[in-house]
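Visitor: the following block contains a protein sequence and its predicted model.
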Amino acid sequence: FIKSSLIIFSAKINFSNIMILNKTALITGINGMDGSHLADFLLKKGYKVYGMERRSSSPNRRNTSHLEDKITFLNGDLTDQNSLLRCLQKSNPDEVYNLASQSFVGQSWNIPEQTSDVTGLGVLRMLEAIREYTKATGRTTDYKMAKRPIKFYQASSSEMFGRMVENPAKETTPFYPRSPYGVAKLYGHWITKNYRESYGMFACSGILFNHESERRGIEFVTRKISDGVAKIKLGLEPHITLGNLDAERDWGYAPDYVEAMWLMLQQETPDDYVIATNNKYSIRDFLSIAFNHAGINDWEKYVKQDPRFMRPAEVDVLRGDYSKAENEMGWVPKTSFENLVKTMVDNDIKLLQHA
Ligand code: F7E
């Protein structure tokens, strides 16, 4: 009896592995922090991964050079509808993760139209491309009827909560964006919900609060600090120049958050989820832990402020309640704020030492 139970049990495990092995994902924004972490995660699950990138004269594969022989890169742009259709034709995906955007909030005041076009309308273009491709391959967009629906993940953002009408914010909290970026993300969020309701698409939005990692772009405050601390520690720079030090954020670790993206598309019904840690820390807290970790206690001496880095309208505080994600998907953040800061500082010291 034990032997035959084991055979049945192992047959079940093998069967589910084969199902996962067959899946294909298309990730837009593959070269960004989240795109590269998600690709790492999906490859471990046995997915075939396609990554959409914009063609540019200078290559931008800092985060994805280790993936070059593991995934397929496709040229595409969220501002070019036909390029999206071609990416779908070439990849024929089960799941589309829309992570591409103009994601730097500060820059969204300098290029508000481009931000709205990519970050807002880009979502609509991808949803339309999925509808067209689904129809062209003789399928229905209604996930309840389709044998092989194309599931869609939209990278929504806590910036949509902006002024925070309720703290911590949850899925039902009213939105109050404070930047052209936040407004554009809100369009992407609602059009995703609208296509779910209009066409029965399996379309989900993950409302992700700030999440960081060693792969974060240098223009974001966390990486700017970890890089700056590493340079000061090694005697390469005398100080860091920042903007508002009093803003508070709910900071998590990006590799934890990409798992939540995947989990959303594995649920029985599509829905929207807040992904956060339910903790908040200020830029000053980040600075204090980062400098201390590098063995420097009097951090104020090394930090300057410059109005150039202040924003026309600031989001003073963000904190998210992830209990829906925990109750429905079993997702919880795994990495503490302290460990996140220390990991980023250690990584930047190592990078500079090698350089
Ligand atoms: O700013 C303050 C700044 O640019 C955080 C993106 O992933 O998360 C990110 O948006 C805070 C703000 O991220 C500097 O004023 C002070 O209060 O690192 P950040 P963000 O704006 O919160 C959300 C969830 C997204 O969706 C976005 O795509 O830090 N701050 N001094 C500074 N910020 C920057 N960048 N540079 C400074 O020198």
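Guide: All right, it came through fine. Residues are numbered from 1 along each chain as shown.
Visitor: contact partners for residue 156?
Guide: 185, 188, 189, 192, 205, 206, 207, 208, 272 (C-beta atoms under 8 Å, 6 or more residues apart in numbering). Where you see a C-beta, it was placed from the backbone N, CA and C, and this is true even at glycine.
Visitor: my bad, residue 313
Guide: Counting by C-beta under 8 Å, 6+ apart, residue 313 touches 178, 179.
Visitor: pLDDT score assigned to it?
Guide: Note on residue 313: pLDDT of 97.
Visitor: what's the closest non-adjacent residue to the closest residue to the ligand within the stretch 251-355 of the chain?
Guide: In the stretch 251-355 of the chain, no residue comes nearer to the ligand than residue 309, which is 3.7 Å away by C-beta to the nearest ligand atom. Distances taken as C-beta to C-beta, 6 or more residues apart in numbering place residue 243 nearest to residue 309, at 3.0 Å, with adjacent residues excluded.
Visitor: ok, now residue 291?
Guide: Residue 291's closest residue in space is residue 299 (C-beta to C-beta, 6+ apart), at 3.8 Å.
Visitor: the ligand contacts on the stretch 1-150 of the chain?
Guide: 103, 105, 106 (C-beta under 6 Å from any ligand atom).
Visitor: surely the first one is in contact with residue 115?
Guide: No. Under the criterion of C-beta atoms under 8 Å, residue 103 lies out of contact with residue 115, with a separation of 9.2 Å.
Visitor: common neighbours of these two, please.
Guide: residue 181.
Visitor: what residues does the stretch 251-355 of the chain put near the ligand?
Guide: So far as C-beta under 6 Å from any ligand atom goes, the stretch 251-355 of the chain lies against the ligand at 283, 309, 311, 314, 315.
Visitor: just the buried residues out of the residues you listed, in PyMOL syntax.
Guide: Buried residues among those (16 or more other C-beta atoms under 10 Å), as a PyMOL selection:
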select buried, resi 283+314+315
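Visitor: can the residues of the stretch 251-355 of the chain next to the ligand go into TSV with extra columns for secondary structure and distance to residue 62?
Guide: Listed next are these as TSV, based on DSSP: H, G, I helix; E, B strand; the rest coil; distance: C-beta to C-beta, whole Å:
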residue	secondary structure	distance to residue 62
283	helix	25
309	helix	23
311	coil	26
314	coil	29
315	coil	27
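Visitor: sorry, back to before: how deep is the residue nearest to residue 291 tucked in, by neighbour count?
Guide: 19 (other C-beta atoms under 10 Å).
Visitor: point out where the chain drops to low pLDDT.
Guide: Scanning the chain for pLDDT under 70 picks out the ranges 1-21.
Visitor: which residues in it form helices?
Guide: Secondary structure of the chain (DSSP state H): helices located at 2-21, 33-44, 81-91, 112-115, 122-136, 180-199, 221-233, 254-266, 283-293, 323-329, 337-354.
Visitor: now stretch 317-336: buried residues?
Guide: Buried-residue list, stretch 317-336, by 16+ other C-beta under 10 Å: 317, 318, 319, 320, 321, 322, 324, 325, 329, 331, 333, 335.
Visitor: would you reformat those residues as TSV and include distance to residue 76?
Guide: Converted to TSV, those look like this (distance: C-beta to C-beta, whole Å):
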residue	distance to residue 76
317	36
318	31
319	35
320	31
321	35
322	32
324	32
325	29
329	29
331	29
333	31
335	32
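Visitor: among the residues you listed, which pair sits farthest apart?
Guide: 317 and 329 (25.9 Å; C-beta to C-beta).
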